[in-house]
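# Dropping a prediction and its sequence here:
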Amino acid sequence: MKKGFKYDLIIIGGGISACVFASKYLRNNTTKKIALIEVGRGLGGRSSTRISKRFKGWRLNHGAPNLNICNSKNDFLLKSYIDELLENKLIKIDDSEIVSLDEEANLETMKNSEFNCGINYQSLFSMSQLSENIIELNNLSANIDFYFETLIVDLEFDNDEWTLTSKDGDKFKSNYLVCSTNLLSHKRSLKILKVDQIPLRKAIPKNKDKKIDLLLNFLDKQSFIPRLTFLIYTNENYNFKDLYSKKYRCFYLKKSLENKYKIERVIFQSLDNNKLGIVLHSKNIDFINSYTKTKDENLFKQKIFSNFNRLFANNASVNQLICNEEISIMKWRASQPSGCAVPLSLQFSRKYRIGFCGDWFEGEGFARIEGSILSALKLEKKFKT
């Protein structure tokens, strides 16, 4: 940031919620200058794409592979926005095979679940590219600056102005602030950021704003599901046994099978280089803890291969791995909110010029990408009123 420069608005977080909000805000505020600050290497958050530095040519969506939209209440904002993405050819209906595996690892038609309800939409690009395209759809005046690999650890509000401080000591100033992540408002920030007070609470002391007090009370009751994600870079000749040719193939494990193999879901992804990548997700706490404590990562990786091959030993579609494939392992400390959802009525404090969006707000989209999108759309409307 240029010395002394101040933004009209700063957005913290670069997930899908932040990108949807930024896009809508840019459309309706063409002269405003905004900044987006993200701790990761790019946009997308949990809906992002890993571009491997070690293994060239691999782009794997390691979070949500698609947009799962239920919209059972037929919310006009959400419906219009999905239609907009379809019209601009950013997404299409996802016709990938989605099945569940029962206790005997037999295939069953996937019934409604947190991963499969309503309609699935697939990005015509990678998930990270989708996030970028969502912003660029309305960034006609190039009025947004991006700051990646930047972790905000402190917030201050004084004289109607926000000052943000990064871990590296950089200062960012703005008239308004939007937090698409709730890290700076949640008690887990104490451990992760190594601070002695929740940053939002420090910036806005108790009893100064009823909405902020209520929001922090709700967040105090909210927990998060940690996950491990394994990205498997298969050998050049690896493919399905059958003639399946769609971009994704998704297998979800029922609870007893998940407990046995420590795998929640397996998502096969066909890449532009004709390779077939595999992403495994696990939220088994004991498994995650064993990885954290392991002194031999190679031995742990072999366990992944073993579990995968045992799971698909008799499957008519999936080939076995030969166990010399490469694996990247990602640990998500807080991949999905759980428990207490925050009411949408607490999204915006006009007094303190701060707004919030993300999948941590109430509604049928809670803890899913649908909630991220809808909360962003609703927050942008509140900025205009």
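Nice, I can see it.

# next SSE after the helix or strand of the chain with the lowest mean pLDDT?
The weakest-scoring helix or strand in the chain, judged by mean pLDDT, DSSP states H and E, is strand 107-109 (a mean of 64). Toward the C-terminus, strand 107-109 is succeeded by strand 119-123 as the next helix or strand (DSSP states H and E).

# packing partners for that following strand?
Judged by 3 or more Cβ pairs under 8 Å, 6 or more residues apart in numbering; DSSP states H and E, the packing partners of strand 119-123 are strand 67-69, helix 76-87, strand 91-93. Just so you know, the C-beta spots here come from the backbone N, C-alpha and C atoms, and that holds for glycine as well.

# for these, which one ends up most surrounded?
strand 67-69 (a mean of 22; mean count of other Cβ atoms under 10 Å).

# What strands line up against it, and which way round?
According to DSSP bridges, strand 67-69 has the following sheet partners: strand 119-123 (antiparallel).

# Alpha carbons of whatever helix or strand comes next after the partner strand, in PDB - could you do that?
Sequence-wise, the next helix or strand downstream of strand 119-123 (DSSP H and E) is helix 127-136. Extracted C-alpha coordinates of helix 127-136, given in PDB (Å, rounded to 0.1, in the frame of the first residue of the first chain):
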ATOM      1  CA  MET A 127     -12.700 -23.000  -8.500                       C
ATOM      2  CA  SER A 128     -10.000 -20.300  -7.900                       C
ATOM      3  CA  GLN A 129     -10.500 -19.000 -11.400                       C
ATOM      4  CA  LEU A 130     -14.300 -18.900 -10.800                       C
ATOM      5  CA  SER A 131     -13.700 -16.600  -7.800                       C
ATOM      6  CA  GLU A 132     -11.400 -14.400 -10.000                       C
ATOM      7  CA  ASN A 133     -14.000 -14.300 -12.800                       C
ATOM      8  CA  ILE A 134     -16.800 -13.400 -10.300                       C
ATOM      9  CA  ILE A 135     -14.900 -10.300  -9.300                       C
ATOM     10  CA  GLU A 136     -13.800  -9.300 -12.800                       C
END
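
# Let's test this: mean pLDDT of helix 127-136, rounded?
Averaging pLDDT along helix 127-136 gives 96.

# Can I get stretch 153-170 in CSV? Just the C-alpha atoms.
Extracted C-alpha coordinates of stretch 153-170, given in CSV (Å, rounded to 0.1, in the frame of the first residue of the first chain):
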residue,chain,number,x,y,z
VAL,A,153,-3.7,-9.7,13.4
ASP,A,154,-5.0,-6.4,14.7
LEU,A,155,-7.9,-4.1,14.2
GLU,A,156,-8.5,-0.5,15.4
PHE,A,157,-11.4,1.9,14.9
ASP,A,158,-10.9,5.5,15.6
ASN,A,159,-12.5,8.7,14.2
ASP,A,160,-14.7,6.7,11.8
GLU,A,161,-11.6,5.0,10.3
TRP,A,162,-10.4,1.4,10.4
THR,A,163,-6.7,0.6,10.7
LEU,A,164,-5.6,-3.0,10.1
THR,A,165,-2.2,-4.3,11.0
SER,A,166,-0.7,-7.4,9.4
LYS,A,167,1.6,-9.9,11.0
ASP,A,168,4.5,-8.3,9.1
GLY,A,169,3.6,-4.9,10.5
ASP,A,170,2.0,-3.4,7.3
